[in-house]
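Colleague: Let me see the structure of the following:
(one chain, ligands or ions: 1)
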Amino acid sequence: MKLDIQNVSKKYNSNKYGLKEYTLNIENGILGLLGPNGAGKSTLLKMIATISKPSNGSILLNKNNVVKDPNYMRKQLGYLPQDFGVYPNLNAYEFLEYMAALKGIGGSQLKQRIAFLLEGLNLTEVAKKPIGNYSGGMKQRIGIAQALLNHPKILLFDEPTVGLDPEERVRFRNLISELANDCIVILSSHIVSDIDTIADQVAIMKEGRLLCQGNQKAIINNVKNKVYEITMNKEDTPNFIKQHIVLNTIRKKDTVTVRYISDTSIASAIPCEATLEDAYLYTTKK
Ligand SMILES: Nc1ncnc2c1ncn2[C@@H]1O[C@H](COP(=O)(O)OP(=O)(O)OP(=O)(O)O)[C@@H](O)[C@H]1O
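Modeller: Numbering: from 1, shown residues only. Okay, here's the model as predicted:
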């Protein structure tokens, strides 16, 4: 599978772009799409899912232009939108059967597939209860299950871990890792820890533009040997923050430990191993 996003822009009105001149190439594996709120992640995923059309540019799946031929994408697509809605009176099983019917999936394997997904997402025990009574995390898991019904070859998850507790996040990551063989998975998030353990590739975006793309090592290399921690008195902190790119601060009683990025070292600063979080904050703060 190969997805080529070529010079895509999405103009919402005369001066508002959701995405601008965006080019990204994705092959089989898991891509983590990272960006702060408003970066354009949902805008991009909606266009890949053929729910909205680019104002300019093209989106090719295995060289087929899916802007012109959306069915080519839809047949192979699993999509969890950010604002996924459910029918509160249906139970999980009925809801998945209904979603399967909408997607044109039927046959003898369907029952087995639904049972597999309910089990994988830890919903078997509640499968006969109306979804209206589910917690936010359980509804989100139903959304993940419906995206997987048709054995998709391209999977788009828009902020999939919202509402999931830490144990559910681990379960979700394991499930996705299992399913990601020979297909494309794109996970959007503004939380680095949601993607850093599973994404083969990372794309960082901001204000509708792609800032960088690469494997995690390459992205982290952008800040290698530049991350330091320094502990100082509280009163010295504001001035230090003004003069440096600060990644985070940890306040104790009288002191503050500042994690920051710099090309040069200072005497009392301790060099730190760079993380994807550092690279993300640096790239989006610059
Ligand atoms: N239908 C719309 N009409 C006008 N502007 C829009 C529309 N949808 C999104 N935008 C704008 O486009 C930009 C990108 O929004 P988008 O929802 O794609 O970002 P995002 O990275 O998914 O952020 P979030 O996680 O907050 O949803 C934002 O400035 C947003 O306000």
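Colleague: For stretch 224-239, buried residues please.
Modeller: When burial is assessed from 16 or more other CB atoms under 10 Å, stretch 224-239 yields the following buried residues: 226, 227, 228, 229, 230, 237. The C-beta positions use only the backbone N, C-alpha and C, and glycine is treated the same way.
Colleague: which pair in those spans the largest distance?
Modeller: Pairwise distances among the buried residues of stretch 224-239 were taken by CB to CB; the largest, 20.0 Å, belongs to 226 and 237.
Colleague: got the residues of the stretch 151-286 of the chain near the ligand?
Modeller: Residues of the stretch 151-286 of the chain lying near the ligand by CB under 6 Å from any ligand atom: residue 190.
Colleague: one more time with 8 Å
Modeller: 158, 159, 188, 190, 205, 207, 208 (CB under 8 Å from any ligand atom).
Colleague: Could you give the backbone dihedrals for the closest residue to the fourth one other than its chain neighbours?
Modeller: The spatially closest residue to residue 190, leaving aside those adjacent along the chain, is residue 36, at 5.5 Å (CB to CB, 6 or more residues apart in numbering). Comment: the main-chain dihedrals of residue 36 come out as phi -70, psi 170, following degrees, to the nearest 10.
Colleague: Provide a list of residues in contact with residue 36.
Modeller: 190, 206, 284 (CB atoms under 8 Å, 6 or more residues apart in numbering).
Colleague: what sits against residue 57?
Modeller: 5, 6, 7, 8, 9, 21, 22.
Colleague: Drop anything exposed from those residues.
Modeller: Buried subset of those (neighbour count, 16+ other CB under 10 Å): 5, 6, 8, 9, 22.
Colleague: now, which of those residues sits nearest residue 201?
Modeller: Out of the buried ones among the contacts of residue 57, the member with the shortest distance to residue 201 (by CB to CB) is residue 5, at 13.3 Å.
Colleague: Next secondary structure element downstream of the helix or strand hosting that closest one?
Modeller: Per DSSP states H and E, residue 5 falls inside strand 2-13. As assigned by DSSP H and E, the chain's next helix or strand after strand 2-13 is strand 16-27.
Colleague: Give me the buried stretch members for that next one, please.
Modeller: In strand 16-27, counting by 16+ other CB under 10 Å, buried: 17, 18, 19, 20, 22, 24, 26.
Colleague: With stretch 183-191 instead?
Modeller: For stretch 183-191, a neighbour-count test (16+ other CB under 10 Å) marks 183, 184, 185, 186, 187, 188, 189, 190 as buried.
Colleague: Likewise for stretch 98-108?
Modeller: Quick answer for stretch 98-108 (16+ other CB under 10 Å): 99, 100, 103, 105.
Colleague: In helices only, show me those residues.
Modeller: Among the buried residues of stretch 98-108, the ones falling in helices (DSSP state H) are 99, 100.
Colleague: Relative to the ligand, which of the buried residues of stretch 98-108 is nearest.
Modeller: residue 99 (23.0 Å; CB to the nearest ligand atom).
Colleague: what about the residue nearest to that closest one when sequence neighbours are not counted, how many neighbours?
Modeller: Distance criterion CB to CB, 6+ apart; nearest residue to residue 99, sequence neighbours excluded, is residue 146 at 4.3 Å. For residue 146, the count of nearby residues is 23 (other CB atoms under 10 Å).
Colleague: List the contacts of residue 146.
Modeller: Contacts for residue 146 (CB under 8 Å, 6+ apart) come out as 80, 95, 96, 99.
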